[in-house]
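Participant: Prediction below, plus the sequence it came from.
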Amino acid sequence: MMAAADKGEAAMAQLRNADPALFLSPSADLAAAAREASQHIYSSLVTFSPAQPPPLPSLLAGPAFDAEQIWSQIELLARPLLPHLRRQLRRLEQQPPSQPQAAPRVESPAGAEEEQSEEDEEDSELEELKEEEEELEDSDDEDEMAEDDEEDEEELEDKGGNGVEDKFLKTKHLEEFLEQAEEEEYGGGAKRGEKKAKKNWMEEDSDDDDEGMEDDEDDEEDEDELDLEDFEDDEEEDEGKTGGDIMYKDFFEKESKQVKSRDSSMKKVQSRLKDMKMILMAVKMMMMMVMMMMMMMSEQDEQGLSTYEKERLKKRAEIEQMEKAVLEPSTWTMQGEVTASRRPKNSALEVDLDFEHNVRPAPIITEEVTASLEEMIKKRIAEGHYDDVEKPALLPTKAPKERKEMDESKSKKGLAELYEEDYAQKTGLAPAPLSISDELKKEANALFKRICLKLDALSHFHFAPKPVIEDMSIQANVPALAMEEIAPVAVSDAAMLAPEEIFDGKGDIKEDAELTQAERKRRRANKKRKYAESHKERPTKLQKDA
Amino acid sequence: MAVDLAGSAERLRFEPLMPSEMSGGRPQFRKVQVPSHRFAPLKRCWMEIYTPVYEHMKVDIRMNLKARRVELKTRQDTPDVSNLQKCADFVHAFMLGFDIADAVALLRLDDLYVDSFEIKDVKTLRGEHLSRAIGRLSGKGGKTKYAIENSTRTRIVIADTKIHILGSFVNIKVARDSLCSLILGSPAGKVYSKLRAVSARLAERY
């Protein structure tokens, strides 16, 4: 372990000491050193990862491994680690430790730092980080740590990057380069302060290093160790984003400067927090650098935009166009309910309107249709199955009223007789007259009897004579033959009526010619006598006065 | 006049007066003028008038030829005062134009009346309109008139512009309404339908 650590340290030292110009061209030594250094850092951070045992105990950064692969390994470590550290930070923020403890112990490492500050600041800081982490976990010496941090920060600030600078890293170079690159990318001068220094650094380094993975790794390391303060600020600017939430705009957008005033009262706590944040930022920066590296590795022009940028711009333009189109008032067809006044004249004719037809479309009459219809009709007729509406048979609620038909002829009975009959019926002296229904019943009865008679005659073998129907009819004195036979076979002089029916009289009847005179006289006397009797009651005719 | 001595209070009982006793024992008279067009029918039907009046109502009746009137007088044995009036009404009905058979009902029933009105009472009509109204009233062969008579149990006499109705009060009313509607111009069919409804109602009542 120690040998590996030493190796790592050595590698880092080598990178640090190397001339920045060397990073411009690919160099195998530097690459190897970078790998070693990254491995060393990884192993140092692995102990703090929340998932124990860690999924990947050591960084596999052999010569066969690609930048992509190395980055993903780092990501594997950093992804759970960053939130874990953030949580710690938050806990600290919420429960700021009130007691400053173990001041002397921290002071010595602080002192050691001060000594080393100009030379091995990275290492010291690393150690400090470790210590800080440990102390955070203990949550004891926060105040002292804060003091230490302050000192560190002050040192960093005082040096204004001088302390951070190393043999191969010149802040000025970095700044210039970063400014340049930013202008190219964003086409505008962005004001940079402390915070941009990191970016300048990053970009300058990346540009200097070209497509060297080792260079990127160097950058990683450098920035891990050197730029903690900037990391912190950036992180604060990012508002506490975890490693996974870092977006493109966090890196490449213009950032608004947030001037942070540090309260003296909160300084201790804040410095403590800053420690945590420094650690977080260390991890973040690793990842950021890998991204940068990847970007740099892809074929791009140093001048002009990256393909991604171009695509992005194109998409932007498209989006703007679409937005503009949406904001404009749309055509009348898209406006929902449109009255005739709102659309141009006769415009509805040009548009293919689609609306619901509530009417069933008229059936197309073909021969098959007619044939099928006719078949159905025939079938229905054969069955006798019709769809006629049948009236429901009304049940008579009461007996049908007997209606007297309006008689339009002069009534045969006088008024007095009418009332007389009425009275007689009421008192019951006379039977009720036959009403119309009775007559109808009578008629019906007679008809039915006749039919029954005939049916019986048809069905029986024995003879039953015709029943006598008492009926009054006038018998004409016509020879019987005329009545019974149509064709007179033989002439018969038998008359229908009997002599008594013809003549009704008694005695010896003599005609006028046969009478004797005495008989004639007798007849006349009888006649006169009868006349006198019948006309006796009549009053005598009044004699007209002469 | 018999004094009823039963009970604490004396109550005088009066029996109805005979018409001969009324008006101081003198007989009462009624005179009915005979119009010229009824003279011959009176001569023809004299016995039919005379018999019920003299025999059944016990009222003396005579024809005053010089004055052309029928005179009626109470007898000693006329049972009721109203008999004289009934006979007078009976003769008067005959004079108006009613048949004997119909007029005799007046003698028999108390509640029969004779109602008369003129066409001009209903609506002022002149000339052809009047003729048409009269035609409408009687109908073809008198069928409308007979229809009304039969359905309402009345007898109607249409004498030029005068209309006489003989019957009970309610029936007279119905007949008069239908005649008036005919005069006013409604067609016979409409009148028939109304008649039917009304007569059915009347018949149901009894």
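Facilitator: In hand now; what should we look at? Numbering: from 1, shown residues only, chains lettered A, B, ... in the order given.
Participant: C-alpha from now on. contacts and neighbour counts both.
Facilitator: Fine.
Participant: how about the residues of chain A that lie near chain B?
Facilitator: A:403, A:406-411, A:413-417, A:419 (C-alpha under 8 Å from any C-alpha of the partner chain).
Participant: May I ask you to name the longest helix in the chain?
Facilitator: Just so you know, I chose chain A. Criterion DSSP state H: the longest helix present in chain A is helix A:267-297.
Participant: ah, no, chain B please
Facilitator: Under DSSP H, chain B gives helix B:188-205 as its longest helix.
Participant: Could you list every helix and strand in contact with it?
Facilitator: Counting by 3 or more C-alpha pairs under 8 Å, 6 or more residues apart in numbering or on different chains; DSSP states H and E, the packing neighbours recorded for helix B:188-205 are helix B:143-152, helix B:169-184.
Participant: Looks to me like A:Ser44 is in a helix.
Facilitator: Yes. Per DSSP: H, G, I helix; E, B strand; the rest coil, A:Ser44 lies within a helix segment.
Participant: what separates it from A:Ala4, distance-wise?
Facilitator: Per C-alpha to C-alpha, to the nearest Å, A:Ser44 is found 11 Å from A:Ala4.
Participant: Pull out the buried positions in the helix or strand harbouring A:Ala325.
Facilitator: Element membership for A:Ala325 (DSSP states H and E) is helix A:307-327. For helix A:307-327, the neighbour count (16 or more other C-alpha atoms under 10 Å in any protein chain shown) marks no residue as buried.
Participant: C-alpha coordinates for the helix or strand that that helix is followed by, CSV please?
Facilitator: Next helix or strand after helix A:307-327 toward the C-terminus (DSSP H and E): helix A:347-350. These are the backbone C-alpha positions of helix A:347-350, laid out as CSV (Å, rounded to 0.1, in the frame of the first residue of the first chain):
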residue,chain,number,x,y,z
SER,A,347,-63.0,29.9,-47.5
ALA,A,348,-65.2,27.1,-46.2
LEU,A,349,-65.6,25.9,-49.7
GLU,A,350,-62.0,25.3,-50.2
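Participant: buried sites along helix A:347-350?
Facilitator: Under the neighbour-count criterion of 16+ other C-alpha under 10 Å, helix A:347-350 has nothing buried.
Participant: coming back round to it: what mean pLDDT does the longest helix of chain B have?
Facilitator: The predicted model gives helix B:188-205 an average pLDDT of 86.
Participant: State the distance from the closest residue to A:Glu421 other than its chain neighbours to chain B.
Facilitator: In this structure, A:Glu421 finds its nearest non-sequential neighbour in A:Ala430, 7.7 Å apart by C-alpha to C-alpha, 6 or more residues apart in numbering or on different chains. Between A:Ala430 and chain B the computed distance is 17 Å (C-alpha to the nearest C-alpha, to the nearest Å).
Participant: same thing with A:Ile474?
Facilitator: For A:Ile474, the distance to chain B (C-alpha to the nearest C-alpha) stands at 31 Å.
Participant: gap between stretch B:157-171 and the chain center?
Facilitator: Taking C-alpha atoms, centre = their mean, to the nearest Å, one finds stretch B:157-171 lying 9 Å from the centre of the chain it belongs to.
Participant: What angle do helix B:143-152 and the longest helix of chain B make with each other?
Facilitator: With axes from the mean of the first three to the mean of the last three C-alpha atoms, to 10 degrees as the basis, helix B:188-205 and helix B:143-152 are set at 20 degrees to each other.
Participant: burial of residue 170, as a residue count?
Facilitator: No chain was given, so I picked chain A. Residues lying near A:Lys170 (other C-alpha atoms under 10 Å in any protein chain shown) number 15.
Participant: not quite, I wanted chain B
Facilitator: 13.
Participant: Now go through the residues of chain A next to chain B and say which are in helices.
Facilitator: In this view, these that belong to helices under DSSP H are A:Leu415, A:Ala416, A:Glu417, A:Tyr419.
Participant: Need the max-distance pair from those residues.
Facilitator: Using C-alpha to C-alpha, the pair of these lying farthest apart is A:Leu415 and A:Tyr419, separated by 6.4 Å.
Participant: Comparing these two, which residue is more hemmed in?
Facilitator: Higher neighbour count among A:Leu415 and A:Tyr419: A:Leu415, with 25 against 16, using other C-alpha under 10 Å.
Participant: and the residue of chain A found nearest chain B, how many neighbours?
Facilitator: Chain B sits closest to A:Ala416 of chain A, with a gap of 4.1 Å, by C-alpha to the nearest C-alpha. Neighbours of A:Ala416 under the rule other C-alpha under 10 Å: 19.
Participant: The closest residue to it other than its chain neighbours: helix or strand, and which one exactly?
Facilitator: In space, and not counting its chain neighbours, A:Ala416 is closest to B:Ala105: 4.1 Å by C-alpha to C-alpha, 6+ apart. Using DSSP H and E, the element containing B:Ala105 is helix B:100-108.
Participant: where do the helices sit along chain B?
Facilitator: Secondary structure of chain B by DSSP H: the helices cover B:39-44, B:46-51, B:81-96, B:100-108, B:119-122, B:128-138, B:143-152, B:169-184, B:188-205.
Participant: how about the residues of chain B that lie near chain A?
Facilitator: Counting by C-alpha under 8 Å from any C-alpha, chain B comes close to chain A at B:101-106, B:108, B:142-147, B:150-151, B:153-155, B:196, B:200.
Participant: Which members of these are classed as buried?
Facilitator: Neighbour-count burial within the residues of chain B next to chain A applies to B:101-106, B:143-147, B:150-151, B:153-155, B:196, B:200; the criterion is 16+ other C-alpha under 10 Å.
Participant: on that earlier part again, between the ones in helices among the residues of chain A next to chain B, which is closest to A:Ile74?
Facilitator: Closest approach to A:Ile74 among these (C-alpha to C-alpha): A:Tyr419, at 133.3 Å.
Participant: if we can go back for a sec, CA-only coordinates of the helix holding A:Ala325, as CSV, when you get a sec.
Facilitator: What follows is helix A:307-327, C-alpha atoms only, in CSV (Å, rounded to 0.1, in the frame of the first residue of the first chain):
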residue,chain,number,x,y,z
THR,A,307,-20.5,19.7,-33.7
TYR,A,308,-22.5,19.5,-30.6
GLU,A,309,-22.5,23.2,-30.4
LYS,A,310,-23.6,23.5,-34.0
GLU,A,311,-26.3,20.9,-33.5
ARG,A,312,-27.4,22.7,-30.5
LEU,A,313,-27.6,26.0,-32.3
LYS,A,314,-29.5,24.5,-35.1
LYS,A,315,-32.0,23.0,-32.6
ARG,A,316,-32.2,26.3,-30.9
ALA,A,317,-33.0,28.0,-34.1
GLU,A,318,-35.7,25.5,-34.9
ILE,A,319,-37.1,25.8,-31.4
GLU,A,320,-37.3,29.6,-31.8
GLN,A,321,-38.9,29.3,-35.1
MET,A,322,-41.5,26.9,-33.8
GLU,A,323,-42.2,29.1,-30.8
LYS,A,324,-42.6,32.1,-33.1
ALA,A,325,-45.0,30.1,-35.2
VAL,A,326,-47.0,29.1,-32.2
LEU,A,327,-47.3,32.6,-30.9
